[in-house]
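In: any chance you can model this:
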Amino acid sequence: MSIFSSLLGNAGSIETSVLEKNYRKLLIPSETIEAGFKLIRDTFIFTDKRLILVDVQGLTGRKMEYFSVSYRSISRFSIETAGSFDLDAELKIWISGEQNPSISKRFNKSVDIYEVQKILAQHIL
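Out: As a prediction, the model looks like this:
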């Protein structure tokens, strides 16, 4: 099922030690990674200070865009849980001033969407 979920673009969690090894250049000295998730090629990382989205571009995957979102700029978010026939959960994030969600990510059932929303809620509320 995880291969099928990956093909559909659903996210799965990644160990923080792997994220710290691969993305330590992006972090400031006092910043720590709390959680991270990987799509087929893209990664998004929740730190204690911000949300970092890593967008792998091009056929070779050598070109990367790092999109950093301060938690204070997030105005709201929503989660949609997985159902019986819908095998994935979804997270939507609105950045201040935007009418439509700026960020939308799908998670497979291996990710506890309630834990994801808890991380956001702890930093936003």
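
In: helix, strand or coil: sort out residue 64 for me.
Out: strand (DSSP: H, G, I helix; E, B strand; the rest coil).

In: can you give me the distance of it to residue 125?
Out: Per C-beta to C-beta, to the nearest Å, residue 64 is found 31 Å from residue 125. Bear in mind the C-beta positions are built from the backbone N, C-alpha and C, glycine included.

In: higher neighbour count, these two?
Out: residue 64 (13 against 6; other C-beta atoms under 10 Å).

In: find the nearest non-adjacent residue to the more buried one, please.
Out: Distance criterion C-beta to C-beta, 6 or more residues apart in numbering; nearest residue to residue 64, sequence neighbours excluded, is residue 56 at 5.7 Å.

In: quick check, the one you found in contact with residue 41.
Out: Yes: if you go by C-beta atoms under 8 Å, residue 56 and residue 41 touch, sitting 4.0 Å apart.

In: what helices or strands is the longest helix seen in the chain leaning on?
Out: Using DSSP state H to assign secondary structure, the helix with the most residues in the chain is helix 113-124. Counting contacts by 3 or more C-beta pairs under 8 Å, 6 or more residues apart in numbering; DSSP states H and E, helix 113-124 packs against strand 33-38, strand 43-47, strand 74-80, strand 89-95.

In: buried ones in stretch 78-98, by neighbour count?
Out: Residues 82, 88, 89, 90, 91, 93, 94 are the ones in stretch 78-98 that count as buried (16 or more other C-beta atoms under 10 Å).

In: bridging residues for the spatially most central residue of the chain?
Out: With distances taken as C-alpha atoms, centre = their mean, residue 44 lies nearest the centre of the chain, 3.6 Å away. With DSSP bridges as the criterion, residue 44 is bridged to residue 37, residue 53.

In: just checking, it touches residue 105?
Out: Yes: with contact defined as C-beta under 8 Å, residue 44 counts as touching residue 105 (6.6 Å).

In: where does pLDDT dip in this structure?
Out: The model of the chain has pLDDT under 70 over residues 1-11, 84-86.
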